[in-house]
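# quick one, what's the 3D model for this:
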Amino acid sequence: MSLLGEIERNHADLGDGRNTRGVLRFITCGSVDDGKSTLIGRLLHDSRTILQDQLAAVTRASSKRGSGELDLSLLTDGLEAEREQGITIDVAYRYFATGRRKFIIADTPGHEQYTRNMVTGASTADAAVVLLDATKGLLPQSRRHLLIAHLLGIRNVIVAVNKLDLAGYGREVYAALRASFENFAAPLEIPNLLFIPMSALRGDMVVERGANLGWYQGPTLLEALEAIDVESTDSSLPFRFPVQYVARGQVRSYMGRVAAGTVQTGAEVIVLPSGRRTRVKGISVLGDSLGSALAGDSVALQLEDEVDVSRGDMIVDAHRLPRPVKAFTAKLCWLASEPLAPRGRYLLRHTTRTVKARFAAINYRIDVQTLEQRPLEGEVRMNDIVHAALAVQQPVFVDPYAMDRATGAFILIDEATNQTVAAGMIE
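The predicted model follows:
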């Protein structure tokens, strides 16, 4: 799936109306060859969630590659190009469950040129597993992925110090890498940061504890993932409902996904941009009436009054309104192979609303090695992270990204090519 398709699905798709709360969505990321695909393969294999035909196919593929043992990375590297090169070049999604919870995993690319795919995987993740190769240390792409995960609002980060089998399972190696990573991550003030030593290839501290890391007393990776609290704060936020579709039947309904907050029948709301005040007359899913809906629910709303509502409008809490803006600042991850054109013609897609946009200024570049703000020198190219000021032709209704990931995020589309060129986080 393309980045545009994935982000649109994440932010605007009506979905199937099913409740997915309690599911942990997490990404694996890091530099190339750190063992991300092998780690996911180990999780699936040791938690016994692989079908027999899948296991047989991986066994055959492993034999063809002459590896001499089961290559668990092939469980996620589904693209033929990946299998030939031994790398991950797209986001591979996998689903599994244990007795305690369900998981959706995004195995994201390690190569720098595929950082845009990492942004895709991180856009709705609750947690990130950042891998470090114990034999290589903290590499630039691992730093980049940590920074992007932080910018995208991921509050739970597990640092998996992998391949300790190649470093003699040395405690000192683990301690040195942990200190290096903590020093780099300190300015980001990540709320929940956990370190786990492991060998994904041998299975130590992934699902089972193994016999080689007796000096480590913390949880295995699976135990840590099962323990992450995904009770979302979205439901306590102000109600936000971007309208995706208007059903003009006998009873007019406004369909979409609750981006944040909760809504009950009878609640007072305001429709933006018109500013019309009304109340929620009914809430339904596939014709079944509900008394309330909360963040993540895909529903149809009926309003008490005849109101002119279209796709791209937003129905919001009447007492806690978003900020209407025609100019704002944001952190921006540039995703396109072509450099940013300061005078280019772009479309800004925010929730279900699309407006024309232009750059008012590019203020600085963020150095992914030091996290420092650097003066902008030269062009903004793929994978650069910058701070920018933008202006839009019609107002959009936003909340700071730090408060609400749904109404604080946007993508930029090149008006000429219709390609997604950037993902942004509003300040």
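# can you get me a residue count around Thr262?
For Thr262, the count of nearby residues is 18 (other Cβ atoms under 10 Å). (Each C-beta comes from the backbone N, C-alpha and C, glycine too.)
# measure the spatially closest residue to it that is not a sequence neighbour to Ala247 for me?
Spatially, and ignoring its direct neighbours in sequence, Thr262 is nearest to Leu294 (4.3 Å; Cβ to Cβ, 6 or more residues apart in numbering). As defined by Cβ to Cβ, to the nearest Å, Leu294 lies at a distance of 21 Å from Ala247.
# same question for Arg143.
Per Cβ to Cβ, Arg143 is found 47 Å from Ala247.
# so for those two, which sits in the more crowded spot?
For Arg143 versus Ala247, neighbours defined as other Cβ under 10 Å are more numerous around Arg143 (21 against 11).
# wait, that one touches Phe184, no?
Yes. Contact criterion Cβ atoms under 8 Å: Arg143 and Phe184 qualify, at 6.2 Å.
# for Ala247, name its beta-bridge partners.
Ser253 (DSSP bridges).
# you'd agree it is up against Ser253?
Yes. Using Cβ under 8 Å, Ala247 is in contact with Ser253, at 4.4 Å.
# need the overlap of contacts for these two.
Ala300 (Cβ atoms under 8 Å, 6 or more residues apart in numbering).
# next, count neighbours for Gly275.
Gly275, neighbours per other Cβ under 10 Å, totals 9.
# next, give phi and psi for it.
When read as degrees, to the nearest 10, the backbone of Gly275 gives phi 80, psi 10.
# any low-confidence regions in this protein?
By pLDDT under 70, the weakly predicted segments of the chain are 1-22, 49-92, 108-123, 230-235.
# and Pro339, which of the three is it?
coil (DSSP: H, G, I helix; E, B strand; the rest coil).
# residue boundaries of the helices in the protein?
3-12, 36-46, 52-65, 80-85, 115-122, 140-151, 171-185, 221-227 (DSSP state H).
# strands of the stretch 151-300 of the chain, residue ranges please.
For the stretch 151-300 of the chain, the strands defined by DSSP state E, counting those that start in this stretch occupy 156-162, 192-197, 240-248, 252-257, 262-264, 268-272, 276-285, 288-290, 292-294, 298-303.
# what angle separates the longest one from strand 240-248?
Pointing back at strand 276-285 there. Relative orientation of strand 276-285 versus strand 240-248 (axes from the mean of the first three to the mean of the last three Cα atoms, to 10 degrees): 80 degrees.
# which parts of strand 276-285 are buried?
Buried residues in strand 276-285, defined by neighbour count with 16 or more other Cβ atoms under 10 Å: 276, 278, 280, 282-285.
# return the member of the residues you listed nearest to Tyr169.
Nearest to Tyr169 among these, counting by Cβ to Cβ, is Val285 at 51.7 Å.
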